[in-house]
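**Student:** Curious how this folds, go ahead:
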Amino acid sequence: MTTSPNDTRGGQPRRASFAGWEQLLGLDGTVPLIANEDNAADNNAVLYLRVSTQRQMYTARDIDADGNSIATQREVCIKRCARLKAPILKEFVEPGSSAQSIAKRSVFRELLSYVEDHPEVRYVVIYMRSRIFRNQTDAAITKRILSNMGVKLISAKEEFGEGYMADAMEAITDIMNEVQVRQSGEDIRNKMLHKAQSGGTLGRARIGYLNVRKDFDGRLVNTIDVDPDRAPLVSWAFKAYASGDYSIAKLRGELTDLGLTTRGSARWKAGPISHNQLSNLLRDPYYLGMVTYKGQVFDGRHPAIIDSDVFERVQEVLADRSRPVVRDRVHRHFLRGMMCCDRCNRDGRIHRMIYTEAKNRSGQLYGYYLCRGRQQQTCDLPHLPVKDVERAVAEEVRRLELAPDFVREMRRQVQEAVDVQQASERQMRSRLTVQLKKLESQEANLLDVAADGEMSVTAVQERLRKIAVQRRSVVDKLATSEQQAARQAQTTLAYLDLLAHPYSFYVSASDSLKRKILEAFFNRVWVEDEQSGVVARVELHEPISLLHVAADEHAKSAGVATDALSGTNDNLYLRVICSSNASVVGPVGLEPTTRGLKVRCSAN
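**Tutor:** Numbers count the residues shown, from 1 in each chain. You can find the predicted model right below:
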C-alpha cells in the first residue's frame, strides 16, 4: 500500500517506508520529502559511528569507554551538527562489524527503523563515507532510502555542497573508496599468501601455541612458540582419540578435567574447549607443523606437537565415525557398524545392528546387539549377547582356513609367475628406455634444425609438442610397469599368510586388529538368532572368494602338475589374479598395505 506525502501521522507528514522496493526505485509516484534546513524544529539529527574491528573499541578506554576511534568520530560529528543547528536525538554505534555489505550491519538497520518511526529526524550524520560504505552500490541505495524518507546523509569530514555537482562528487568519492577497498583486499590476500608460503602463522596461534616476541639480531620479532601448559594436553588428546577409545564428548570431558582451556582475549574469556573447537583441532594440520591458506598447505615455521602417524590415525577414526551407520559415542565395540540383520535381509529390508550396553541389578555392564528395525517395530530379532555374536563371527573366520598343501603350492606358483613376469617387464622397460632416448635425440635434432632456420617456428613448435606427448606416454608406462609383478605377489602372499591359520591369528589379536582382519576378509556380515544359537552369514571379498575357489579345484585335481610358465588357466595363481577382472585389495591396515591395487594378467 502506498501513501501520499500529504498524509499525516501525529501532526507530521507521513513518509514512505524504507522497506518498499517500488518506493526505493521511485516507481510508485511517491515524491521524496526534502529536508528544510530553514525549519529548525525539524532539523534533528542522529549519529552513526562505526569501527571495523572489535580491537578498535578497546584503544584508550581509560579516556573514553567506547575507545579512541569512536570518541574521535563522535567529537567531529557533534561539531558538524552544531553547524547545522541540528539537535542530536540518538547515537548509533556499530562495534567491530566488518561486514562488506551495509545490509548485514544490524545497528544500521536499527537506525533506519528509528528514522522511519521518527519523522522529526532530518539528518543522519556520519564521520566519513569511507567509514560506512564499502562500495558505490550500497551508497546509492542508502541515499535513495533516506531521500524517500526526507532525510539527508551528512559526512562530517567531507564538504560536497549542494546540487547535482555535489551528487556527482559524492558518487566519485564512493567509487574511489570502493577501488581502494578492493586494492587493499588484493594486497592483503597477496601478503597473506606470501606469509603462508614462507611458513608464517595467519592470525592467532592455535591452542597449544603462543604468540610471542623474540629477539633476533637485536630486533623484537613476532613469532610462534609452544605453550608449555597446553601443548602436552593437546598431544595427549590426539593420541587418546587415535586409540579409538574416546568419543569427542568423552575426550572433551577428560581435557576439561585435566585443565585444558582456551586462551582468553579482549572479547572472550578463557574457558573449557567446546565440542566444535575440539573437533576442528583434531582435523587441523597446523599441529603437524603446517599452515593452510585457501586450501593450500605449506610447511610452517612453528614446531610440530604431534607426528604424522598419530595425525593420520586420528583422521581415520574421524572418517570412520562420520559415516551414517557409525555414530561417535562412548560405547565402542570392534564389530560395531559392520553387521546387518539377516532376518530383515530375508524380508527385503536392510537394517544395521546397533551395539548397546545395559547394567544388571548388581551394576555389571553387559553388551548387546539389537536390530535397528526392532526400534522401528518392523523386526522381532531379540537382543543378542555380544559374546554370542563374537563367537558366531569367529566361527566364520575359522572356516576360511586353507589346506597346507594348497598354501605351499600357491607359494610355489606365485614365485614362478613373478619370475616370468619380472623378466617380461625388464624387457619392456628396456624397450621403453630405448624409445625414450630416441625421442630425446629427435627433440635435440629438431632444435638444431630450428636454429638453422630450415623450418618455420610454427612447424617446429607443433613437432616439439608431439614429441613431448610421446615422451610423457613413455614415462607413464615406465612408472606403471615398475615392480607390478612384485606388488601382485605381495598381495597374494599376504592373503595366504592370513588364511593359513586365520582363527588362531584372529582370536589372539587385539580388538582393533580384529576389526582390520574382518574388513580384509568380509564385505558384509549378517547375523541371526536360530534354534542352535546366534549364527553369522558372510559375503567374502573377491580375492578371498577366488582363493577358496582355487583351493577347491586344487583339492579335486590333487596330484596333477601345473606349470607357472604356461600362462594357461591350469595355473591357479594366474587364475586368481585374472579372474573376473578382479581388483586384488590387500588386507586393510595389515602389511603389506596394497589398497586399491589393480592387477593385470600379462602372462597370456
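
**Student:** Domains in the chain, by residue range?
**Tutor:** What automatic domain parsing lists as the domains of the chain is 8-183, 209-322, 339-398, 404-581.

**Student:** Give me the helices and strands touching the top helix by length along the chain, please.
**Tutor:** Identified as the longest helix of the chain according to DSSP state H is helix 404-451. Applying 3 or more Cβ pairs under 8 Å, 6 or more residues apart in numbering; DSSP states H and E, one finds that helix 404-451 makes contact with helix 457-481, helix 484-500, helix 542-556, helix 572-578. Every residue, glycine included, has its C-beta placed from N, CA and C.

**Student:** Return the per-residue confidence for Val588.
**Tutor:** Predicted confidence (pLDDT) for Val588: 39.

**Student:** hmm, back to that, list just the one of the domains of the chain that sits closest to Arg332.
**Tutor:** domain 209-322 (6.5 Å; Cβ to Cβ).

**Student:** Going by residue numbers, what spans are helices in the stretch 1-150 of the chain?
**Tutor:** 21-25, 68-84, 106-117, 129-132, 136-148 (DSSP state H, counting those that start in this stretch).

**Student:** any chance of the ones you listed in JSON lines, with mean neighbour count and distance to Ile188 too?
**Tutor:** Below are these laid out as JSON lines (neighbours: other Cβ atoms under 10 Å; distance: least, Cβ to Cβ, whole Å):
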{"stretch": "helix 21-25", "mean neighbour count": "14", "distance to Ile188": "33"}
{"stretch": "helix 68-84", "mean neighbour count": "17", "distance to Ile188": "20"}
{"stretch": "helix 106-117", "mean neighbour count": "16", "distance to Ile188": "24"}
{"stretch": "helix 129-132", "mean neighbour count": "20", "distance to Ile188": "16"}
{"stretch": "helix 136-148", "mean neighbour count": "18", "distance to Ile188": "20"}
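
**Student:** averaging pLDDT over each of those helices, which comes out lowest?
**Tutor:** For the helices of the stretch 1-150 of the chain, mean pLDDT drops lowest on helix 21-25, to a mean of 48.

**Student:** can you count the residues close to the nearest residue to Gln415 once chain neighbours are set aside?
**Tutor:** The spatially closest residue to Gln415, leaving aside those adjacent along the chain, is Ala489, at 7.6 Å (Cβ to Cβ, 6 or more residues apart in numbering). Under the neighbour criterion other Cβ atoms under 10 Å, Ala489 is assigned a count of 22.

**Student:** list the contacts for Ala489?
**Tutor:** Contact analysis of Ala489 by Cβ atoms under 8 Å, 6 or more residues apart in numbering lists 414-415, 417-418.

**Student:** For those residues, pick the one with the most neighbours.
**Tutor:** Result: Ala417 is most packed of the contacts of Ala489 (other Cβ under 10 Å), 25 neighbours.

**Student:** Compute the distance between it and Met149, please.
**Tutor:** Using Cβ to Cβ, to the nearest Å, Ala417 is found at 87 Å from Met149.

**Student:** do the same with Trp268
**Tutor:** Relative to Met149, and taking Cβ to Cβ, Trp268 is found at 38 Å.

**Student:** Which residue of the two possesses the greater neighbour count?
**Tutor:** Met149 (23 against 9).

**Student:** correct me, but that one touches Val115?
**Tutor:** Yes: counting by Cβ atoms under 8 Å, Met149 touches Val115, with 6.1 Å between them.

**Student:** and Gln375, how many residues sit next to it?
**Tutor:** 11.

**Student:** leaving aside the residues next to it on the chain, what's closest to it?
**Tutor:** Ile354 (7.6 Å).

**Student:** Buried residues, whichever helix or strand the one you found is part of. List them.
**Tutor:** According to DSSP states H and E, Ile354 maps onto strand 353-359. By neighbour count on 16 or more other Cβ atoms under 10 Å, the buried set for strand 353-359 is 353-355.

**Student:** what's the answer for stretch 536-550, then?
**Tutor:** For stretch 536-550, by 16+ other Cβ under 10 Å, it's 536, 538, 540-548, 550.

**Student:** As PDB, could you dump the C-alpha coordinates of that stretch?
**Tutor:** The C-alpha coordinates for stretch 536-550 follow below in PDB (Å, rounded to 0.1, in the frame of the first residue of the first chain):
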ATOM      1  CA  ALA A 536      26.600 -65.400  11.100                       C
ATOM      2  CA  ARG A 537      26.500 -65.400   7.300                       C
ATOM      3  CA  VAL A 538      29.200 -63.600   5.400                       C
ATOM      4  CA  GLU A 539      30.000 -62.200   1.900                       C
ATOM      5  CA  LEU A 540      33.700 -62.700   1.200                       C
ATOM      6  CA  HIS A 541      35.800 -60.100  -0.500                       C
ATOM      7  CA  GLU A 542      36.600 -61.200  -4.100                       C
ATOM      8  CA  PRO A 543      40.300 -62.100  -3.500                       C
ATOM      9  CA  ILE A 544      39.300 -64.400  -0.600                       C
ATOM     10  CA  SER A 545      36.500 -66.000  -2.600                       C
ATOM     11  CA  LEU A 546      38.800 -66.600  -5.600                       C
ATOM     12  CA  LEU A 547      41.400 -68.200  -3.400                       C
ATOM     13  CA  HIS A 548      38.800 -70.600  -2.000                       C
ATOM     14  CA  VAL A 549      37.500 -71.500  -5.400                       C
ATOM     15  CA  ALA A 550      41.100 -72.200  -6.500                       C
END
